[in-house]
Each structure stands twice: as C-alpha cells, then as structure tokens.
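K.L.:
build me a model:
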Amino acid sequence: MSLVTVAAVILAASVDSALSPAAGRAAVRRIVESAWAGGAVPIIVVSHDRDGEVAAALSGSGAVLAEPAPPAAGPVGQMVRGIKVAQNSVSETDAAFIWPAHMVWVDAETITSLIEGHGADPMSALRPTWHGEPGWPVLLPLDRLDQLAALAPDRMPDELMADLAAGGVVIRPVEMGDPGVTIDRDTEIDDLPAYEGPPEPIGGPPPEWGAAAAEAGDENPLEGPALAPYEPA
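P.N.:
So this is what the prediction gives:
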C-alpha cells in the first residue's frame, strides 16, 4: 500500500474571497473541511487577514493560515509560498493540491480519488475534469516545484498549468464527474448539476493518507488555525 502525504494549498486572492459565503460557511472554511474529509494533510490557507476574521473562520480546523507572498510574486508566488509552508509543516509532503479559493464546491470524494491516483502515478500532475473541461484543484508532485517556481509572475493559474505542460510536466486529465471542479461560487450549491463520481477508479489501493503526519505525533489535528509567518522576499 502506497504511503502518500498530499497537502492542500488554498489560495485566496483577497480577504473578501476567503470569507465569501458558501452554503452558510466562509469559503475557506468549506474548502478546508472538504480537503480534510478527502484526506489532504497538511492544509494551508494563503490569505491576508483583516482583524483576525480569516483566522476566526478557520478556528477549530486543522488549517495553517499563511501570509501571502509579496504581490509582485504574482499567482505563482502565492502557490510556491503555500507549498513551502506545507513542506515546513510536514516534511514528508510529496504533493500538493493547488486550490483557488473560489472553487468552493469540490467534493471530498474527488480529493480522495485524486490522492489515490497520485499513489498510483506519483510522477504526473493530476487535473480533475468535469465532462472533459479542466478544473481545480490540480495535484502537483513536489518534485515539480522548481519548474513551477521558475514561471513568470504575470501568468494566471490556467496559464501557469499550460506553461508547466509546455515545459514537459505531464498533467494528466482525470474525469471526476464532479461539477464542483469547474463551477465556482458564483453558482449556488442548490443549482449545481448532480455529482456523478468518476467513471472508473483512477488509482490502485487507497493510500494511508497523512501517515507521515500521524507519525509526527500531532495530537490535536483539528485545533487551529496555526499561523505561518511572512517569509522574507
């Protein structure tokens, strides 16, 4: 059985994005709960805070709240910042979900299935699709981190994934049957198409999610959020 530790790096472009309502919860809180239920460990939220509001929204969760990288670093800088905080939190982390905070409806089973897929295919990035449309979060093996960090700061997330593919990173599309990977918070949850589930298993036997984190002896995984300081530029 594969032992994999896959982080979730949740990227909020603003405090309002982090706190936008999603079925009665703040967006980042709902995403953290889906990531946790799906088996992602550690969970990092990269967001500015305002009077402690984001921290309050994450209270009682297992998330780490991290200060963003400087704005000049662009979207790629925020991704790299979150991944490095994840590595510092759990050194055995070998992949990370790159998860924009407006994608609030991703099902926990999608996260579980992608982690299983990573266990079976650890060298490829995995991008969920719904009816063939590419979505989020993208699971990136951390041995591709240097390639991600080398990309231009003015590129937007979809462009960054295209740049990685153009640079030789295999990004495998995985049909999930989950409309939440492509439909964002602008659609209310009651208006989402029905969840269908993946048409076939995408990996072998399920991995022991967070095994490395458990061995590290975290006695209170649901207490938090922890706070990661601003890294020097």
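
K.L.:
tell me the SS of the closest residue to residue 121 other than its chain neighbours?
P.N.:
Residue nearest to residue 121 in three dimensions, not counting chain neighbours: residue 172, with 6.9 Å by C-beta to C-beta, 6 or more residues apart in numbering. Every C-beta, even on glycine, is put in place using the N, C-alpha and C of the backbone. What DSSP: H, G, I helix; E, B strand; the rest coil gives for residue 172 is strand.

K.L.:
let me know the outermost residue of the protein.
P.N.:
The centre of the chain is farthest from one residue, residue 51, which by C-alpha atoms, centre = their mean lies 24.7 Å away.

K.L.:
now do the contacts for residue 156.
P.N.:
Residue 156 sits next to residue 75 when contact means C-beta atoms under 8 Å, 6 or more residues apart in numbering.

K.L.:
how confident was the prediction at it?
P.N.:
Note on residue 156: pLDDT of 97.

K.L.:
next: the one 10 residues further on.
P.N.:
Reading off the per-residue confidence, residue 166 sits at a pLDDT of 97.

K.L.:
ditto for the one 5 residues further on
P.N.:
As predicted, residue 171 sits at a pLDDT of 97.

K.L.:
hang on, it packs against residue 141?
P.N.:
No: Residue 171 lies out of contact with residue 141 (C-beta atoms under 8 Å); the separation is 10.6 Å.

K.L.:
in the protein, which spans are helices?
P.N.:
Along the chain, counting by DSSP state H, helices occupy 15-19, 27-38, 53-58, 74-89, 108-120, 145-149, 157-166, 211-215.

K.L.:
how far out from the middle of the chain is the fourth one?
P.N.:
It refers to helix 74-89. 11 Å (C-alpha atoms, centre = their mean, to the nearest Å).

K.L.:
circling back to that earlier point, give the contact list for the residue nearest to residue 121.
P.N.:
117, 121, 124-127.

K.L.:
one more pass at 10 Å, please.
P.N.:
117, 121, 123-127, 139, 202 (C-beta atoms under 10 Å, 6 or more residues apart in numbering).

K.L.:
filter those down to the buried ones.
P.N.:
117, 121, 124-127, 139, 202 (16 or more other C-beta atoms under 10 Å).

K.L.:
any idea which of those the model trusts least?
P.N.:
Lowest in pLDDT among the buried ones among the contacts of residue 172 is residue 202, which has 67.

K.L.:
returning to what we had before: tell me how far the residue nearest to residue 121 lies from residue 22.
P.N.:
28 Å (C-beta to C-beta, to the nearest Å).

K.L.:
stretch 158-174: which residues count as buried?
P.N.:
In stretch 158-174, counting by 16+ other C-beta under 10 Å, buried: 160-161, 163-164, 169, 171, 174.

K.L.:
so which of these comes closest to residue 35?
P.N.:
Nearest to residue 35 among those, counting by C-beta to C-beta, is residue 174 at 17.0 Å.

K.L.:
for that closest one, give me its contacts.
P.N.:
With C-beta under 10 Å, 6+ apart, residue 174 has these contacts: 110, 113-114, 117, 121, 124, 126-129, 134-135, 139, 181, 198, 202-203.

K.L.:
show me the shaky parts of this protein.
P.N.:
For the chain, the stretches with pLDDT under 70 are 1-2, 201-233.

K.L.:
try 80
P.N.:
The chain contains residues with pLDDT under 80 at 1-3, 200-233.

K.L.:
need the buried residues of stretch 158-174 in a markdown table (columns: distance to residue 58).
P.N.:
Converted to a markdown table, these look like this (distance: C-beta to C-beta, whole Å):
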| residue | distance to residue 58 |
| --- | --- |
| 160 | 26 |
| 161 | 27 |
| 163 | 31 |
| 164 | 29 |
| 169 | 31 |
| 171 | 30 |
| 174 | 28 |
